[in-house]
Every structure is written in structure tokens, then in C-alpha cells.
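test case, fold it:
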Amino acid sequence: MINGNEYAWEDVQIVIMGRLLTGVTDVEYGATRAHTNIHGRGSEPVAMGRGKKDSKPGKLVLLQSEFEAFQNATPAGKDPTDWAPFDMVVAYAPIGGVITTDIIPFCRVSDYSKGIGTETENMKVELTLTTGIPKLNVP
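Predicted coordinates:
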């Protein structure tokens, strides 16, 4: 928190494939690492081990118009699961704060879903991403 200002959605900028997204409503990304207890004599662990590190599935939710801008650059008959891998850059800073930049490399769309209903004002497309391990707070 900087001067009482917490990070807000309006402080976030997301760029993929060279395009600054204005029609994005949600973004998620992360990583996971296996940690295990190592047992020796007795019933209690005697040490801890560190295992593989991997990325967690990411999520990007776009407004239909933003989605169409990418889809229009895709050959006819192809869908988002056919898109070439791309990096996603997420930058954010609270008012008066320092810009923080995260880079999520090698994003690929593993599945997508479109939806709209009677209680919604706009159509959204949710993309599930398989990514490389995010690089956080990149200078």
C-alpha cells in the first residue's frame, strides 16, 4: 500500500502479442512448487525437501470485441487453441507508486469458453492458459 492506496484494477495494464488490452475483465497466473517431508527414523519428519517448480493454469477473460481482434488475425477455421505461443506482460502501480511488471512467458490457450446470459450486458470469452513460470517484479 502506498499512501493509503491499494492496487486497483485501473492500475493494471496487460499486453499480449504487442496489443495493450482494454477489453480484459480478469487475469490470473501463478506457480507451484512441490515441498515434501523427508522421514528418517521415528514417526516425525527429519528434514524438508524441495521438488519441481511449475506454472499453474492461468486465466484471461476478454470482452467479445477484444477476443475478435485476435481471432481476426487467425486463419479461417482455427480457434484460440491454435494461436502461436505468446508472452503476457502485466504491469501495475498504485497512484504515486512504483510500476511493477510481471512477465508470463510462453502462454498457450488450452481451452476457451464463450458466454452471455439474460443477466449480463456483454459477452465474455474465458481463455485457460498453459504458461511458463511467471517472472515477477521484472525491472
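
which of the helices or strands spans the closest residue to residue 22 other than its chain neighbours?
Computed as Cβ to Cβ, 6 or more residues apart in numbering, the closest residue to residue 22 that is not its neighbour in sequence is residue 66, at 7.0 Å. (Each C-beta comes from the backbone N, C-alpha and C, glycine too.) Using DSSP states H and E, residue 66 sits within helix 64-71.

any buried residues in that helix, and which?
64, 66, 67, 69, 70 (16 or more other Cβ atoms under 10 Å).

residues contacting the helix or strand following that helix, please?
For helix 64-71, the following helix or strand on the C-terminal side (DSSP H and E) is strand 86-92. Residues outside strand 86-92 that contact it (Cβ atoms under 8 Å, 6 or more residues apart in numbering) are 7, 11-17, 27, 29, 58, 60, 99-107, 129, 131.

just checking, which of those belong to strands?
Among those, the members found in strands (DSSP state E) are 12-16, 27, 58, 60, 100-107, 129.
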